[in-house]
Every structure is written in C-alpha cells, then in structure tokens.
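K.L.:
Predicted model, plus sequence, below.
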Number of protein chains: 4
Amino acid sequence: MHISRVSTILTCPDRNYLIVRVEADTGVVGYGDATLNGRERPVQVLVEEHLAGWLEGHEAERIEDIWQMLFRHTYFRGGPVMLSALAGIDMALWDIKGKAHDAPVYDLLGGRCRDRVLAYLHVHGRNDEELIARSRARMDYGCRVLRYSFETPDPRNPDTVYRQPHQDIATKERVEVTGDLRHAPAVWDSEVYMRDLIRVTHLLRDELGEDVGLIHDAHERLSVAEARQVARELEPYHLFFLEDPLEPLGVGALREVRAASATPLAMGELYNTVADTLPVLQERWIDYLRLDVTHFGGISPARRAATLADAYGVRTAFHGPSDISPLAHAANLHLDLAVPNFGIQEFVEHDARVFSVFDWKIDMSDGYINVPARPGLGVDVDEDAAARHPYTPGYLPALRDAMGAVHDW
Amino acid sequence: MHISRVSTILTCPDRNYLIVRVEADTGVVGYGDATLNGRERPVQVLVEEHLAGWLEGHEAERIEDIWQMLFRHTYFRGGPVMLSALAGIDMALWDIKGKAHDAPVYDLLGGRCRDRVLAYLHVHGRNDEELIARSRARMDYGCRVLRYSFETPDPRNPDTVYRQPHQDIATKERVEVTGDLRHAPAVWDSEVYMRDLIRVTHLLRDELGEDVGLIHDAHERLSVAEARQVARELEPYHLFFLEDPLEPLGVGALREVRAASATPLAMGELYNTVADTLPVLQERWIDYLRLDVTHFGGISPARRAATLADAYGVRTAFHGPSDISPLAHAANLHLDLAVPNFGIQEFVEHDARVFSVFDWKIDMSDGYINVPARPGLGVDVDEDAAARHPYTPGYLPALRDAMGAVHDW
Amino acid sequence: MHISRVSTILTCPDRNYLIVRVEADTGVVGYGDATLNGRERPVQVLVEEHLAGWLEGHEAERIEDIWQMLFRHTYFRGGPVMLSALAGIDMALWDIKGKAHDAPVYDLLGGRCRDRVLAYLHVHGRNDEELIARSRARMDYGCRVLRYSFETPDPRNPDTVYRQPHQDIATKERVEVTGDLRHAPAVWDSEVYMRDLIRVTHLLRDELGEDVGLIHDAHERLSVAEARQVARELEPYHLFFLEDPLEPLGVGALREVRAASATPLAMGELYNTVADTLPVLQERWIDYLRLDVTHFGGISPARRAATLADAYGVRTAFHGPSDISPLAHAANLHLDLAVPNFGIQEFVEHDARVFSVFDWKIDMSDGYINVPARPGLGVDVDEDAAARHPYTPGYLPALRDAMGAVHDW
Amino acid sequence: MHISRVSTILTCPDRNYLIVRVEADTGVVGYGDATLNGRERPVQVLVEEHLAGWLEGHEAERIEDIWQMLFRHTYFRGGPVMLSALAGIDMALWDIKGKAHDAPVYDLLGGRCRDRVLAYLHVHGRNDEELIARSRARMDYGCRVLRYSFETPDPRNPDTVYRQPHQDIATKERVEVTGDLRHAPAVWDSEVYMRDLIRVTHLLRDELGEDVGLIHDAHERLSVAEARQVARELEPYHLFFLEDPLEPLGVGALREVRAASATPLAMGELYNTVADTLPVLQERWIDYLRLDVTHFGGISPARRAATLADAYGVRTAFHGPSDISPLAHAANLHLDLAVPNFGIQEFVEHDARVFSVFDWKIDMSDGYINVPARPGLGVDVDEDAAARHPYTPGYLPALRDAMGAVHDW
C-alpha cells in the first residue's frame, strides 16, 4: 500500500480548519488535522508545495519512517508550522492504517486501557450569578470537572473588562473569534485579574461544593512572581489543576511556581517536540501534560511524550479547543483510551455547522465521553460540504498592558 | 475477540524454553516467550495458576489494559519472574493482534523505520590464533560488528582458565550450558582478565583493522575501580560498545565509569521495568540500552523504554542470547524495525533442533538481518514437536573468587 | 552443621502462608516465612525445584554466603518472588543458628538495644462514630499510636463506598480478604477520598486530642499532584507519618511530595533490595523505612537496609500486616530490638486459628510489645496442624477508576 | 515614519533567497533576508498573508515593539518558519532605521568594538593531496582559520563516498545543491567517517603546522557516544572548535561531550529563540554560539543572545553559509563589529550571479574582513535583476544509514 496523493482542504464551516488528505493506491483515504489558528496558509503551502513531493510513492504503513524523514530531513526542524503539517500527515496515515486493517486507531495503539474518558467543559460567566448558574447547569448535565473563566471590570477604568479566552457553547460566547482584532488590542492588568481570580474561586467552592473539579487557565499571562503567588493562594480551593501559569519558553521558571505551592500544574499546549517536554517532565514541574496533538506532530509523537510523562508520574490532559477540528479531537480520544497515564480530556462542543463537514457522533454522559468503535479515527469528511465553506482569514486577538506594551495573550 | 484459554509449553529442543500460548474465541492463537533461564518453573506456575484466571474472558485487543492489570494488581510488582510471565503474555497478544488484522507486528508498531537490521554475532577463541581465525571467518561471512570473548590461563594456577559467557555457533561452544555446575564453581580473577582484555583487544585491532566493530561483554564482573580503568584503557581501540561493566543494581556507579572514559557503554539485560532505566537514561550514563524483551515484560514496555531512550539520545541494542527462543528474537526484530532510535541487534543462531519447534526462517546477509513480512510475530510453533522435547532442569554456572567468595557471574 | 533438607509448607489456617523449612544434619529445624500474598505457588516452586538443590550440603552457619550465592548466582536477580524465597531461607537459617547456639536471634544480631517495642495497631470505622469509639477503645487499651482508615460514600453514586485496606482485629474486618475479586473490581475516586481524609483527620484530632499518634496509609493510590496536596493539607494535624503516598516505582516523585509538606513520610513495603532504598535514603525523602522483611530477602538484608537508614537519620517501621505469618512478625521484633534506629512497629493480631499452626505468645501492654527470650525466632510450627489447613488459592482485590482503567491498589 | 507596505521577493540568482521588503511612508525602503532553504514558500506566505497586515500602519522606528508583537501575538510561537519571517522583517527595519538616520547599522547597535573581523573560509578536498593543496592556497591568501571537509570512500562499498556539507568557492563544489535529492538518498556511516576524520586531522596538522586554526563541522550526524569519542580523540590537534557534534534537540547530551574532552565546542545554527540557547550557555557546554541571524529572528534577538553568551564567557561565531543572502551576511558583520564577545565569523563567497541582485562589496585581507561604512545594512537590492531569476524549488539532500533508516543530515 503506497501513498498516491497528498492534498489539503482549507475550510471554514465556523472556524478555519486545515485538513490533510492522504490517498493510498488501494483507494483508502485518510484525513488528519493540520490547523494552525491564524497561520493556516503557511502550513497548507508547506504540505502542498514542500512535503507532498516527499510522500507520494512512499509506503503508507511506514508512519514512523515518514515522520522521522519529514522531521529530520527538513534540517530546519521544529516549530508550530512544521509540526502542524506533520500532525496532519501523521493522523491521516493512522486513519489509513486503521481503515486498511479494519481497526479503530486505539486498537493499533495497544487497545483500550479504559472504557470511557473523563472530560471537562468550559464555563464562562459575565458576572458571578451567571457563572454560578452556568456551572450548576453543567453539573446537572453530569459534568464532574469544569474549566471556569470570568470577567473583571477594572475598578479604575470603567470601560475596561478583563477576560480569559474561553469557549462556552452554552452561550455561544468565545473570545477567540475569527475576525480582525489587531487594531483594537485588549488591555490587561494581572494585578486586578489575580485578585478577582481568588475571589471567584472562593465563591465557586462555596456555591458549588467540593464535588466538582475546578480548572482555571491563566493562559500564560502571569509573571513568575504572580504565578507563585496565585498558585499558593489557590491552594485552599484545591483546583483540579492550574493551567499555563507561565509563557512556554521560560521553562526553568516553573521550578519556582512548583516550589511555592501544592496546587497541581498543567502545561504543554504550545510545546512542539518531545525536547520541549523533557525538562518539565524530568524535573516533575507539572502534573498534567497538555499537548496539542495537532501542533505536536500528531499521534506518533504525542504517544511518545505520554510514555515519557508516565515514567515521571505525569498524566495527560490533551488540548481540546474549538480551533482544532473533530479529527484532532478524535485523535485525542483514541490516545486517551490507549495510554495508561491518561488524566483528563478538555472538550468543547463544535458548532453544528462543523459537523456538516466532519461527520462524527460522540456521546458524553455522566461527565464521560464514550468513543464508538469505528475503523481509523472514525471521522468522515464531507469534501463537498467543506468546499461550500471557504477559508476566511482572521487575526488572533492581541493584549497590551496599561503602558501600551505587548503582553502575552 | 476475547481470550478463551491461556496455557504454557515448557520444552527443551536444545535449551529450555517456556512458551505462553493464548487462544482467542475467534480461534486465533498467539505465542510468546516467557523463558527465565534456570527459573523456568516459577514463571510457568505464575502464568498457569495465578495469571491465566485473570486473562480468560478478557478482550484480546486490550493489550495495554491487560499489561497494566497484571503489573499493578499483583501489588508485589516487578522482578524477573513476574516480568517474564508478562512478556510471554504480551508477545502472545501482539501475535494475535497481528494475525487478526493480517499485519506484521512491526506495522502495528508504526511501520518499518528501516529496511534491514544491523546485527552482531559472538566469536570466541580458545587462543589468539583461533580468535583471529574465527573473527576473519565471521567478517568473510559479512559481519560488520563482532562480540569477542576469549580464554585467559591464570599464570599462577596452571589448571585455571578465565572465560566470558558466550555462544559461538560456529564451534558449538557455549559457557551457559544446561547441566549442573553448582558444585564445581568456576574461579575468577578480574586482574588477570583485565590485563588480557587489553592485550587481546589490541591484537584484534591490529589483525582485523578498523573496518569491523568490536563489542566486549564484561558481564557485570568488574568493580567500579576496575570498570573505570578498563573503559579508559580500551579507548584507543574505540569499541562499538563495552557491555555490562557493572552489576545492575549499583546504578549510580555508572556515573563514575562514564566520567573516566569516552568508551561507549551498554547496559540493560537485567533491567525489568522502565523505572530501572530511568536513572541511566536521564543521566545519559549509557549509549546503548540492552533490554531483554522477555525479562522486561514484552513488546509494550520495551517500546516504552525505547521511547524514553530516544528522548535522551540513547540507542537500542536489545539482548539476543540463545537462552530465549526465536519468538523473543522475532519480537526484538519487530521492535528493531519500528523504533526510530535502533542501534544494533545481538544475534545468535539457535541449534537446528530449536527450529523443529519454532518454524522461523530469517536471512542474514552482508551483516544485516532481513525480516520477512508475515502476520503477527511470524514464528510458527509446532506443539507436537515441543512435546517431544521435555523440560530438562539445569543450573546456571557460579563464579567464586580466589578466596572462595561469591562473585557476580 | 550442614543443611540436609529444604522443603516448604503451604498452609491456610486463616490466610495462606508459605513456610520454608530447613533441616540441618544435626537435627535442628528452622522455619522462615516466604509468603507472597496471591503469588504463593511460584515462590514455593522456586524454593523446591530451583533453590533447594543449591542449599543441600551447604554449611548452615554461612547465612551470608548462602544469601549472596542465591541472590547473585541466579543471574536474573531481584523481584518479590525471588526475594520472598530468599527471605524464607534466611529466616530459617537464623532460626537454626539461634536454636543451635541457644540464643534468641536478637542476641545474634548484637543484642537488645531496647527493652520493649513501640507498636501501632489498625483502627477502622465504617462511620465517624464507630471510628471514634474504636479509637478510644484502642487508647484505653494503651495504644499510643493508631493507623486509622475509614469509609467514604461517593456523594454521586449511592452504592459506592471508598475504603482503604486495613486489618482491624477488634471487628474482624478486613478489606484484603481471600477469595476471588477479579471480576468485580472495586471502584476508586481519589478526589472524594482526599476530601474525606482531611475531614476525618480533623475530626480525629478534635475528638482524640493531641496525645495519640496518628498514621494514615494512602496505599500508593495517589498521583504526585494529589500526594503533594494531601501531605500539605495534613500538616496541621501532625501525623506520626503518612504512609505510601505514591506507587513504589516512581521514586523521584517523592522529592515533590517532600518539597510540598513537612508531614513525615514513610515508604518501603514494596521494596525488594537495598538498591531500592538508596535514592529515598540518600536524598532523605522519607522519615521511616517500612521494609517488609519477607519480601526484602529476610533478616540479613533488612538489617543492612536499617544500617543505611541510620546513616541518613531515617528510622525503621517494618511492615507488619496479617498476610505474613507470626514467623515474619517475630523476625520484625528481633530486628526492632537490635537496630539502633528503630522507629515504630506495625502490628496486627492474627486470627486465633493462625496460632494453632504457629505457636507464639507475645504480650502487648501500655502500647509496647514485650518479646520473650526464646532461642531462634521463638515461634514453633505445628506441621500437623498446618497440614490440616490446605492452601486456598485467592486473588488480591483490584481497583479500577470510574473510567474503567486500572488503578494502583 | 510609518510602515506603508510589506512585500517579499523570492529569487534564485544561484540559490533561492527570500527577501523581505519593507517600505516606509517616507519612501525609505529596507531589505531583510528571510530565506529558509527548502521551505521558502511557507515563510513567504506567512509574511505576505499573515504578518504584513499587522505591520502596515505601524511606526517603523519601533523595531522591538514590532518584534515582540509578532512573536508573542502569534500565540503559536517559535520555529524556523516564524523566526525566519521575523528575521526578514527585523533586518529590513534596521536597514530602514540606518538609512533614515544616515548611519551604518553597527553604529545604531552601539558603534564598532573592533576595526575588522576575523573570518574563516571552507576548504574541501576530494583526496588528501587536494585538501592540503587547497588549504595551503587559503593560507597563502591570508586565511588564519580554515573549516576543512573531505571525502571518505567506504572501504567495503566501492561506490560509496562519505562527504560533509561544504561550500568551497575555489572549486565551485557544494554538497548542498539545489535540485531533487529525495529519491536518491545519500548513505552515511559514522564509523568510517570518524576514523577518517582523525586521520585527516592528524595529516593536516602535520602538513600545515600549528599556525593555522582548524575547524571541523560534524553537522549533527553523531550519536552521543560517537561525539564523545571524536571530541576526545581530536584533543591532540587542538581544533579552533568542533562544530555541531550533536543534533540540536538533545540538549542535555552536550554535557556528556563536554565531560569527555577539552576540544572547544560550537553549536547554534538551528536554534530559533533565546530559550534554545539558555541551557548551553548557563551550563557552559559550548565555547562558541553559532546562531544563524536569519533563522533566529534577526538582528534584535541575535544581539540579545550575544549579550547572554557574554555573561557566560561564550563567544559568537555566527552562521555564514551560502544559503543565506548577502543581506544576512551583512547583518552578521554589523553584529560582529558591535558585540564585545565576538569570536569568529564563518564566511563563504557567493557566486558572482548573486551579486547581480545584491550589490555588496566587502574586502577580506590578511584573514580579516573589513566592513565599509554605508548607511543601513549596506547592501543594495536590484529588484529587476531579482525578477529575472525566478524561484526554483528544490529539496535538501537526505541521508539514510546502511539499514535504510533516516539519518540526521
């Protein structure tokens, strides 16, 4: 079985998704997700103009060889553009292998280690009442763990409100919209946010009780000093984990946050290679590794990183936002079932239009996701539907602080 | 597909081999190797009387779940008896999965990363002439890397000769014989051996030139001081690697050998779990990880350890002696083809009688092994033939030093 | 005095116990405990079919030589099966030596360092009232330190109750029953348990005051994140120690728990060799070393490990559950009297039927155990009684989490 | 002064170069190099379709703000595609600033720290005689330091020759050709190469004497074991430095090479961010930092990394190959003049056709480069000439080992 054709589909049923399509000479077609939100086109060009030529004619079963070849023989390796392209190809090849052998990908990865997958959803409140009401609605729906976000009016600047990025399908709210946010950058003040974070967390524990897990995403906006302080002050509310306290490149600074607090820590959505994970795992600075399978090069390397994490007692919490497609969410779930050290899965429901392109039905009940046993990744792509939703370029939002300086978003 | 029956076959076509046989309710039968040389029966009893009851009725596709269940739910985990039993079961399940999906195991592991596998053979000489002659014969046969062993008469004790364990099919010689060696323990003097090792290595380089890789196995018989000295004195002859300079439990002492020399180091044949590998990998004290897939719990954990090794720039050199069966050698080769950080494969040809039980044809040419594409592990077991070669209990040989004290063998 | 015969007795007066019986040519008979709960038969086969042949004819006084010979000359060393076998042999040889010299074992170990031995008992409550009442009863009986366990109903699953393994003779309750628990695995939720642990501990301190030592056994069920959090939150109740916060193979993770909390930590019941203890001692990650003399190879290596612990300021708390026989408990007590760095002794009273096989009287008063001065280990074995209680195979219980994944038990 | 237009020019006067062109509303035009060899198009698309929209309207003087904005507000940060795009923009903005203020860039960087720049050239020999002859010619021309490469026939495979990548203008030879090398991957054998490296280095020292600096580039092709061995064996020939002994992601492994040898080490041409440089600087594992200004995000971050290197006693040796344009070479030289801890500059002469597009004259005499005082970077771009040399897609060469596995190139 050889690869006969590699192409891409860039579609925007609600958000932009870049699909890699690999066709084998046996007629089997596999699909993978290569979406890099806000940078879709360089990945597309990389796959179509540079990588496809390496792939056509190669044996489709040799996934690892293809991965190594594309990774090492580019020489200038690494980074999100390259690894997103690799991820799309890797997923498509696992999809093909599963279809060719009539096996769900999880069976090719060693079989299910568990029957269902603990997942958490986002809940956002524009004010305390809304946050509590929506949290309760989630809990009534069966959710056992929630990722909460909120809005903090700046007490000194009446028009300014600080928010965290989120995706709350219940209300169709989303900070990470498609659109042009370059010229109206949001303002950010960590001090005000931190104070409100402690207050809101206290309120949630008070109102919701101890029976729900709470996750908060600091979204890499804190300094080391701020992260140390927040992690320690959050201890009494024993979060499920505190996500992304620091920006990803200042690796060694995590040691300081770790030393300051017993609050569980999670990082990883901006890591691209196993080398990025090595220090945080080896030094045991985190409790959950939150790789994004689409920006980490796909299923093959994500499994490798999960193996490393397991050796260090770290669990997985693969990134599951709405800016990756159901193909990537399916890849997450196949890994979730197969790796021994699974922790939790972030999950957001896509807009209904997304499912007109990606035919995928999964079922969440009692706070757990049940994954149907279908060959390959189990997601069908309707290429005609995809063509009806053309690419719509957008810009990610931008934060600046009160002095007008760039702030990590 | 569920497991319907788990049993074992203990056979001695030449040496003792313990085969685990797993049958699925679809009729597919898988075989794995659980041989623990000199301790075959405890493993057999463990599989038959304790583990089989856990397995029957379980889903055969869920290899990782079964592995975790047997490993963790024994509570008293680890050790060669338990891990050999697990290895036999794990290999048999991969064999079943391959046969059920009509795929060689290497394709289930991500596909081939390479076309053929660099292997080394043993060469043993009772004197210098024989060692050189046999080495040349191996080289003429295409061998690119040799593991050499030799015999050193004790200059002060005319009847005493120091040998290293080896398996040289060319001459049917083998130190690790089946039989009773308890009451005539061999004597050992590291000083005399070390002096001869340097002399013999110099001679080999002189006679054979630089175009052949040289491997020597110190077989865990050296003290830290001795290992440091030998590793340094061997530098000019740039070995492919020096194997097992130290006994396996004194882990931290490897740091000292490392610091003393640039000679590449290999260890691992006595490791049982990923936890055993962590310090040597993380500290990069070795260059080659020599796991024995049969004593490390099988293909699933061996792949995990290879993944860890890769993250630290360490390559594989899976253990391939004659006291594990062709099933285990096949497992080695499937891993060798599939892991990106393969280094080299130890290989010994089994006696022809072995192949009357294990139907397996592989081809070595030009110093490389070519693995045929057959479903599962690709080794057929003739159960009738196995029954014709009943178990023959034996004892491993024992070393003592000149004072009569126990010496690591 | 030479060893003339080595055999085993597998008996189930209440639970299964594997006794190693060594007979010297002088007629002296020694007994040791080689019980490996749930894996009795591989140990028995190892002793009878593989090790006995090495022992017969050997000088019985050379305990250390025999230990080294069996440990090193098996080549594939380590692990609970091998070390349990070694423990049975080692204890039996110390028993012989004591009887031959008319000396209690503690005198052969250098003589008593103390007159009596501080011990703790288990106390289990099915609800708060019962836990408090039973704790008070223990205190009235003289107990100075208690190991407490409790039951936590899952607030969301009315039929589910989380328990910790325990042995509370007062009520004849025991989670670790003999029987077949494979097919109805217990469920486990660390979150719910942790919350209740803090609540119960708070309650106990409140009700019992500060004059009683409190020990809790997390039984290796916590993740690193959870262990950090619990150890920190338990600080105000100053436990005597928190036992087994983590599974035994993730050694380096103890550093993280240590860094997060001043709560004293104890580990070790799953260690098999001195090499296992080295990192936790050297890095001073624990305060009490809880070796199980029966799974650590017997009295000889347990004394070695105690010596190492002393060098690092760590005290002993040898494992004393009901799944090892009075022979092993006696070995514990001889060590407790003889080592300078004794800390505390876990103690559970066996069912009366057990004493029909093992004739042993000890006396606990005022929270301390007094050890009678009898030759050898001081426990007589009634072989006829043992024969009347044949082996009853069983399976250890199995935990799975709410997703159906294997959880450390 | 605001940015009015950002565009790109992709041209192939000899090799492919991607030029970023930034125009200010004052009419000043700046040029920067964003060439990513073999991946030109994704960088071009990134600049044109994603980044240009952020830049137009921004103040051109705010180089640092623009750099931070583009780096941080992409969210998915890092990697060669992104950093090459940033480099092109950064250089173009420094070029504009220099031209706007009528100042060479080095004056804006704080002014010249030195008058001229020590540089080394490549010398390649197809055999010993040619290598020596060409080295002598270089020395006669004034060169004080040479980077040598050579060709090694495989003794066992008559048709196979191992080479290192190089650019030797004297003979117009170059391994890194434009063209399609995918389907005929070169073979590589480190063993044979290493042996020849020692032999050739010995020969060069013998023939050329001690008065010339020798640099060898292992081009990331060695395993840790091989790098340790080679670095140690090269000690007697005291190289100026050994370049890129290891692949860039296995960062910690450099410690091992460092520990094994006193041979000076240089790395960095594949680093993309300051975070990549932190471990090697902080641990002082290298002596020379070989950043590629075009793949590291431009002049601004390269200066930051040089500052860090200085704090740790590490000197610069900026990457200067022929696959970056004279714009990047000019950026190197401006930095070389301005940073206090300059070490040496790699330099290759471009083909004459290149200068038809990039109008740049520099002068090398006595082994030093003299940089003319011209505003901005000092390189004029002839856009019409560029248009006459359209983009010619190519593939980088690919190495595989004798087993057919991917080898780092």
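P.N.:
Here it is on my side, so go on. All figures in this text were calculated on a predicted structure; none of them were measured in a lab.
K.L.:
Helix, strand or coil: sort out residue A:158 for me.
P.N.:
Classification of residue A:158 by DSSP: H, G, I helix; E, B strand; the rest coil places it in strand.
K.L.:
Could you report the pLDDT at it?
P.N.:
Listed pLDDT for residue A:158 reads 78.
K.L.:
what's the spacing between the closest residue to chain D within chain A and chain C?
P.N.:
For chain A, the residue positioned closest to chain D under Cβ to the nearest Cβ is residue A:79, at a distance of 1.1 Å. All C-beta spots, glycine's among them, are computed from the backbone N, C-alpha and C. Noted for residue A:79: a distance of 30 Å to chain C, by Cβ to the nearest Cβ, to the nearest Å.
K.L.:
and the angle from the strand or helix carrying residue A:309 to helix B:299-311?
P.N.:
Take DSSP states H and E as the rule and residue A:309 turns out to sit in helix A:299-311. Here the directions of helix A:299-311 and helix B:299-311 differ by 90 degrees (axes from the mean of the first three to the mean of the last three Cα atoms, to 10 degrees).
K.L.:
Could you list the alpha-carbon positions for helix A:299-311 in PDB?
P.N.:
What follows is the C-alpha trace of helix A:299-311 in PDB, where atoms were taken according to Å, rounded to 0.1, in the frame of the first residue of the first chain:
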ATOM      1  CA  ILE A 299      -0.400  10.800  17.200                       C
ATOM      2  CA  SER A 300       3.000   9.200  16.900                       C
ATOM      3  CA  PRO A 301       5.000  11.800  18.900                       C
ATOM      4  CA  ALA A 302       2.100  12.500  21.300                       C
ATOM      5  CA  ARG A 303       2.200   8.900  22.300                       C
ATOM      6  CA  ARG A 304       6.000   9.200  22.800                       C
ATOM      7  CA  ALA A 305       5.500  12.200  25.100                       C
ATOM      8  CA  ALA A 306       2.800  10.400  27.000                       C
ATOM      9  CA  THR A 307       5.200   7.500  27.500                       C
ATOM     10  CA  LEU A 308       7.800   9.900  28.900                       C
ATOM     11  CA  ALA A 309       5.300  11.500  31.100                       C
ATOM     12  CA  ASP A 310       4.200   8.200  32.500                       C
ATOM     13  CA  ALA A 311       7.800   7.400  33.500                       C
END
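K.L.:
Which elements pack onto that helix?
P.N.:
In terms of contact count using 3 or more Cβ pairs under 8 Å, 6 or more residues apart in numbering or on different chains; DSSP states H and E, helix A:299-311 is assigned the packing partners helix A:63-72, helix A:80-100, helix A:274-282, strand A:288-289, strand A:315-316, helix A:326-338, helix B:274-282, helix B:299-311.
K.L.:
Do any residues in the longest one lie close to chain B?
P.N.:
What it means is helix A:80-100. Yes - with Cβ under 8 Å from any Cβ of the partner chain as the measure, helix A:80-100 is seen reaching chain B through residue A:97.
K.L.:
Spatially, what comes nearest to the residue of chain A closest to chain D if we skip its sequence neighbours?
P.N.:
residue D:79 (1.1 Å; Cβ to Cβ, 6 or more residues apart in numbering or on different chains).
K.L.:
And residue A:207, by the same measure?
P.N.:
Closest residue to residue A:207 in three dimensions, ignoring its sequence neighbours and counting by Cβ to Cβ, 6+ apart: residue A:132, at 5.0 Å.
K.L.:
next one: residue A:14
P.N.:
Nearest-residue entry for residue A:14: residue A:351, 4.0 Å, with adjacent residues in sequence omitted and distances by Cβ to Cβ, 6+ apart.
K.L.:
how much space is there between the one you found and residue A:124?
P.N.:
When distances are taken as Cβ to Cβ, to the nearest Å, residue A:351 and residue A:124 turn out to be 16 Å apart.
K.L.:
about what we covered before: count the neighbours of the residue nearest to residue A:14 for me.
P.N.:
Using other Cβ atoms under 10 Å in any protein chain shown, residue A:351 is surrounded by 14 other residues.
K.L.:
Contacts only, for the closest residue to residue A:109 other than its chain neighbours.
P.N.:
Closest residue to residue A:109 in three dimensions, ignoring its sequence neighbours and counting by Cβ to Cβ, 6+ apart: residue A:338, at 3.8 Å. Residue A:338 makes contact with A:106, A:109, A:110, A:111, A:112, A:113, A:303, B:64 under the criterion Cβ atoms under 8 Å, 6 or more residues apart in numbering or on different chains.
K.L.:
In ChimeraX, how would I select just the buried ones from these?
P.N.:
What follows is the ChimeraX syntax for the buried subset of the contacts of residue A:338, where burial is set by 16 or more other Cβ atoms under 10 Å in any protein chain shown:
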select /A:106,109,110,111,112,113,303 /B:64
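K.L.:
how far away is the residue of chain A closest to chain D from chain B?
P.N.:
19 Å.
K.L.:
Please parse chain A into its domains.
P.N.:
Chain A breaks down by automatic domain parsing into domains covering A:3-103, A:117-407.
K.L.:
for residue A:94, what are its contacts?
P.N.:
Taking Cβ under 8 Å, 6+ apart as the contact definition, residue A:94 lies against A:30, A:32, A:63, A:105, A:108, A:298, A:299, A:300, A:331, A:334, A:376, A:377.
K.L.:
okay, the residues you listed in TSV with distance to residue A:194, neighbour count and pLDDT next?
P.N.:
Supplementary listing: these in TSV, determined by distance: Cβ to Cβ, whole Å; neighbours: other Cβ atoms under 10 Å in any protein chain shown; pLDDT from 0 to 100:
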residue	distance to residue A:194	neighbour count	pLDDT
A:30	45	27	98
A:32	39	33	98
A:63	45	28	97
A:105	41	25	98
A:108	45	25	97
A:298	36	30	98
A:299	37	29	98
A:300	39	24	98
A:331	35	28	98
A:334	38	27	98
A:376	45	27	98
A:377	40	30	98
